[in-house]
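>>> Sequence first, then the predicted structure:
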There are 6 protein chains.
Amino acid sequence: MFLPILCIFSLILSSHAAVQDFCVGDLAAPEGPAGYSCKKPAKVTVDDFVFSGLGMAGNTSNLIKAAVTPAFAPQFPGLNGLGLSIARLDLAVGGVVPMHTHPGGSEVLLVTQGAICAGFISSANTVYFKTLKKGDIMIFPQGLLHFQVNGAGIPSTAFVSFSSPQPGLQILDYALFANDLPTELVVQTTFLDAAVVKKLKAVLGGTN
Amino acid sequence: MFLPILCIFSLILSSHAAVQDFCVGDLAAPEGPAGYSCKKPAKVTVDDFVFSGLGMAGNTSNLIKAAVTPAFAPQFPGLNGLGLSIARLDLAVGGVVPMHTHPGGSEVLLVTQGAICAGFISSANTVYFKTLKKGDIMIFPQGLLHFQVNGAGIPSTAFVSFSSPQPGLQILDYALFANDLPTELVVQTTFLDAAVVKKLKAVLGGTN
Amino acid sequence: MFLPILCIFSLILSSHAAVQDFCVGDLAAPEGPAGYSCKKPAKVTVDDFVFSGLGMAGNTSNLIKAAVTPAFAPQFPGLNGLGLSIARLDLAVGGVVPMHTHPGGSEVLLVTQGAICAGFISSANTVYFKTLKKGDIMIFPQGLLHFQVNGAGIPSTAFVSFSSPQPGLQILDYALFANDLPTELVVQTTFLDAAVVKKLKAVLGGTN
Amino acid sequence: MFLPILCIFSLILSSHAAVQDFCVGDLAAPEGPAGYSCKKPAKVTVDDFVFSGLGMAGNTSNLIKAAVTPAFAPQFPGLNGLGLSIARLDLAVGGVVPMHTHPGGSEVLLVTQGAICAGFISSANTVYFKTLKKGDIMIFPQGLLHFQVNGAGIPSTAFVSFSSPQPGLQILDYALFANDLPTELVVQTTFLDAAVVKKLKAVLGGTN
Amino acid sequence: MFLPILCIFSLILSSHAAVQDFCVGDLAAPEGPAGYSCKKPAKVTVDDFVFSGLGMAGNTSNLIKAAVTPAFAPQFPGLNGLGLSIARLDLAVGGVVPMHTHPGGSEVLLVTQGAICAGFISSANTVYFKTLKKGDIMIFPQGLLHFQVNGAGIPSTAFVSFSSPQPGLQILDYALFANDLPTELVVQTTFLDAAVVKKLKAVLGGTN
Amino acid sequence: MFLPILCIFSLILSSHAAVQDFCVGDLAAPEGPAGYSCKKPAKVTVDDFVFSGLGMAGNTSNLIKAAVTPAFAPQFPGLNGLGLSIARLDLAVGGVVPMHTHPGGSEVLLVTQGAICAGFISSANTVYFKTLKKGDIMIFPQGLLHFQVNGAGIPSTAFVSFSSPQPGLQILDYALFANDLPTELVVQTTFLDAAVVKKLKAVLGGTN
């Protein structure tokens, strides 16, 4: 008896093509400035919206004793076009996430285990840092240098949220010492001695 | 004599490819978070910018005695990327557009015939409603539940404008009762009795 | 019995200050690049979302036999921050809305009475124009020169929607001839003869 | 010896006023469509960027056995203008976050304890739901109806991130039954019987 | 010894596909409302970010004694999606850039040689103009009519920056007189006499 | 005779309050996430849109032999809300703009005198650099580390455009060594030796 209601909105609802609630990324199709092309809505399932990779600690058996596990759009295409993403951060005792920036998004860090000393430096060159305990959250505004250091005697974990599905990540030491940027240019533009630069390039796999 | 002016700007104007005044949607090409791919400008004609489907009343011979005729980007691809769209609303005597939201855009409704009782509910849970007469306009902010009911003894018509070419439409009863969402979950998340849910599912074609 | 639910979300819902579903413009407070300051939510009523000024035809007893009645954010502050606005256009027989642009938004025109010949010119210098009948809609992309001319033997009416609460309006003849822009500069930058410029300045109230 | 470098950029760096890395909200100053006015940068400290309210479980001693603790811009003004926010969700055994929407942002939910059955309904009326275990994340696109139900025999916790500092929250039962929206209008726009509406209004504190 | 750091971020850094710092335009692939599709990052070289076309003066041997050389996204695809572009402007003695608008972006002009008299007209019909000397910069807000005239006895040069990679360009005389817009419509919408229109159409290559 | 046209649009044009073509910053009024409050349009003059501070070379008599002269919104409030800004860069022989980022905008550099070796490093850790000659332009995407070094035997000059009125500036050495960030944290987060850090802190005026 009520069924005729089905007809009324049929023009709108008859086809998935009419809907852009979401745009699950199709990593094989063209990418544009706003993100990946959309997977056809008819092929989207709940699994496009669920990601299980953040449940386990990353491997911190490395020199910085830290691991970052991202769920950005390339890893979790359901986030494409939705304006946010997330990652897991594990810090063993003594672990450090070295000085870095996210060129494309602001960050909020939530400590879920242990304690973390975290900070950032503003364009006005002011330093803001604090040791965060479990349950604390801290903001790192877009594009500013920041860092996280384990501030507890136990392994610490945090989850970080970003205001972009692709916030990017530029790790300072990587950018300076782990590529083919000529030593001379690093010296000229950082005031570091060539010997310091060469030593770090050797350690981090940089050339030139 | 004046013709050399033609040369000056030729680098800019020699090719349609240099222009992005508009991006008429090519529904067959990849879609991205910002909308459809653009039809080649050289193939665009005035008819891509004109739509004639809103001239006639929709068919209100149904139980809710209402009809919505959209001119969103999927129906009118010339709107793609331009940040607005429009639709026609017809309400027979006793007609109702049930409680619904537009997840992707704000709305302005203009009454062009009859009278309409319309309202919305804010995040702060305040209700704003009023009976609008011919020529009145009313705002429905993005994503909030709202409704329209014929407020006259005669058929009423309105045109609604949206701040997005794809504002979306989620009709509450549809979302709850006209799909395969398990009755148990509807009951748990709405405080409605299972009997009420089952009855409405039967009427609206829902399952589970 | 169910009342405790009221407590759960009280942190969110206890105060209107926590909500920014809308930002009704306070025309007396500071304005910023994103629009007017918001009226306090507690003082907002349904009348902030309803505007009745478009119900009557504007006065077309003038030389261009046309009238534009805007409901932009300055006239209808409820639109502030919501990304759209609307206006009414009345064209008597022989009426013309002269060549103009909206620097801040795209437009969709809906003919509700009579017929209107409307068109725009693209950056690629292509002309798109057509005579629209009642119920037709036409798009005018942001910032492009466009015009509307009564295309019927009877008065015609249209409602125009914009993708901005403050789309702006620059009428070509006004910009060139109805202010104190020196005749010499108009001549140099338009290729019109000084005599033509001076004549139109006289008619439209321009000086210099 | 190196000190003259200090002078070079002094024009830029001499004043906090020159910097807009962040805009910590001043809740007492005018609010606009883009958010709150900014606290003077010189008065900003690290505590403006740190929030400690999410460390404890909310009180779930209520009928829905659930608690939501937001860190949106009104609670955590450091987020103002930065495009994201976060909240904590606690679900006792049998706990439910009833059907709701966030009109202003997309959401990502991260389960940190227990298990949660969560889902949303699209504009195309498709249901996407799944039981999430610890470490799983799930997306809820902007403005769509969604819900979370404890899916474990133990208390469950989640942290939810949003793509806006003020995503808003509209709880369906609240919007329909916990305000002064007339019963008659609820009946007309939801297809529920008046008796059902009146019963829920009584439970949830609604009038009319 | 330090090499294990390389592993930590390998999930993020192992693939160019994970990065959207930039989106160099692929002019042969689909274009969308946000710009061109991106060239594969692996194929991007420094030459995609460098453009050498603005080093020479444009050819001003024409009636308006002016030349505009754009580096917009179509000429310099590295700008795609980055929100800005640039162009060179050469004005011989007596040179004029006629009245025009950029529908898609605001402009800043920098005089690098000679002097330029430049101005714009606002929506409120106020004229703002001034003679700029070498080193001066002037703003032209988006979509407003503006012009530049050589203000020196020597050739003048300027570089203009835009807030969009594709700001567009609509030259008033071109739009009115250099296409097939019927003379009658130009007359009706500009208040110019048919004789004036026909004469300028003849000069500028317009028809109808 | 034509004067009645003046009345038609009077509702729109009668008041400067109806116009938001621009929002010249009022540095004394509240600032929000979108920028400064607007100066009253009636008080705006052409001088609000013209800035003369870039005509002279900055003082390069310092150790890095470089000077940056910004025309960002704080120096040139006419740019407020318009999405772009500009600065002048002077490099004496041997001059260097050290490694830095702009957290809030992309940059295009135009060489107007001499030659400049410039480069940036992407999130994927690829280095893009080149020696630019007079007339060349180069792109530096938002938030990425980049540098400029005089590449000629003569003083060099460039003008840089940004996609934001407040792009920000974070100079790496400043951020690490010219504030009170504890040496221990710098060491932990950069892999530099404490001795190197302390030496640079001494030179650049840092403490702790």
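Structure received. Numbers count the residues shown, from 1 in each chain, chains lettered A, B, ... in the order given.
>>> switch to C-alpha atoms for all contacts and neighbour counts from now on
Will do.
>>> Next to chain F, which bits of chain A? Give me the list.
Within chain A, the positions adjacent to chain F are A:96-99, A:101-104, A:121-127, A:142-145, A:147, A:149, A:168-170, A:172-175, A:178-181, A:188-192, A:196, A:200 by CA under 8 Å from any CA of the partner chain.
>>> Could you break chain A into its assigned domains?
Domain assignment for chain A by automatic domain parsing gives A:49-168, A:174-204.
>>> Quote the end-to-end distance of the first one.
If I follow you right, that is domain A:49-168. End-to-end distance for domain A:49-168, by CA to CA, to the nearest Å: 21 Å.
>>> before we move on, what about stretch A:120-136?
Taking CA to CA, stretch A:120-136 runs 16 Å from one end to the other.
>>> Give me the angle between the longest helix anywhere in chain A and helix F:194-204.
Taking DSSP state H as the assignment, the helix of chain A that covers the most residues is helix A:194-204. Angle of helix A:194-204 versus helix F:194-204, following axes from the mean of the first three to the mean of the last three CA atoms, to 10 degrees, is 130 degrees.
>>> tell me the helices in chain A, going along the chain?
A:5-8, A:10-13, A:172-177, A:183-190, A:194-204.
>>> which of those helices sits most buried?
With neighbours defined as mean count of other CA atoms under 10 Å in any protein chain shown, those peak in mean count at helix A:172-177, which reaches a mean of 23.
>>> tell me what it is packed against?
On a contact count with 3 or more CA pairs under 8 Å, 6 or more residues apart in numbering or on different chains; DSSP states H and E, helix A:172-177 meets strand A:96-101, helix A:194-204.
>>> Now for chain A, the helix or strand with the poorest mean pLDDT.
One helix or strand of chain A scores below all others by mean pLDDT, DSSP states H and E: helix A:10-13, with a mean of 42.
>>> re earlier: let me have the helices and strands packed on helix A:172-177 in a markdown table, extended by distance to F:G206 and mean pLDDT.
Conversion of the helices and strands packed on helix A:172-177 to a markdown table gives the following (distance: least, CA to CA, whole Å; pLDDT from 0 to 100):
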| stretch | distance to F:G206 | mean pLDDT |
| --- | --- | --- |
| strand A:96-101 | 17 | 97 |
| helix A:194-204 | 20 | 95 |
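>>> Tabulate the ones you listed in TSV, adding columns for distance to F:G83.
TSV is the format used below for these (distance: least, CA to CA, whole Å):
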stretch	distance to F:G83
strand A:96-101	23
helix A:194-204	38
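>>> closest to chain D out of the ones you listed?
Nearest to chain D, of all the helices and strands packed on helix A:172-177, is strand A:96-101, at 13.1 Å by CA to the nearest CA.
>>> near chain E, which residues of chain A?
Within reach of chain E by CA under 8 Å from any CA, chain A has these residues: A:30-34, A:59-60, A:62-64, A:66-70, A:73-74, A:103-104, A:166, A:168, A:203-205.
>>> Tell me which residue of chain A lies closest to chain E.
Distance from chain E to each residue of chain A (CA to the nearest CA) is smallest for A:G32, at 4.3 Å.
>>> Run a quick neighbour tally on the residue nearest to that residue when sequence neighbours are not counted.
Leaving out its chain neighbours, the residue that sits closest to A:G32 by CA to CA, 6 or more residues apart in numbering or on different chains is E:S37, at 4.3 Å. Per other CA atoms under 10 Å in any protein chain shown, the neighbour tally for E:S37 reads 29.
>>> go on, the one 3 residues further on?
Counted by other CA under 10 Å, the residues lying close to E:K40 total 15.
>>> if you compare the domains of chain A, which one is most tucked away?
Of all those, domain A:49-168 has the most neighbours on average by mean count of other CA under 10 Å, namely a mean of 23.
>>> and the residue in chain A that chain B sits nearest to, what does it touch?
Nearest residue of chain A to chain B (CA to the nearest CA) works out as A:S37 at 4.3 Å. Counting by CA atoms under 8 Å, 6 or more residues apart in numbering or on different chains, A:S37 makes contact with A:23-27, A:29-31, B:30-33.
>>> Surely A:K130 is in contact with D:T45?
No: if you go by CA atoms under 8 Å, A:K130 and D:T45 don't touch, sitting 10.5 Å apart.
>>> hang on, the earlier thing: mark which of the contacts of A:S37 are buried, thanks.
For these, a burial check counting by 16 or more other CA atoms under 10 Å in any protein chain shown picks out A:23-27, A:30-31, B:30-33.
>>> Rebuild the residues you listed as CSV, extending it with pLDDT.
Output for the buried ones among the contacts of A:S37, formatted as CSV (pLDDT from 0 to 100):
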residue, pLDDT
A:C23, 97
A:V24, 97
A:G25, 97
A:D26, 96
A:L27, 94
A:P30, 90
A:E31, 94
B:P30, 90
B:E31, 94
B:G32, 96
B:P33, 96
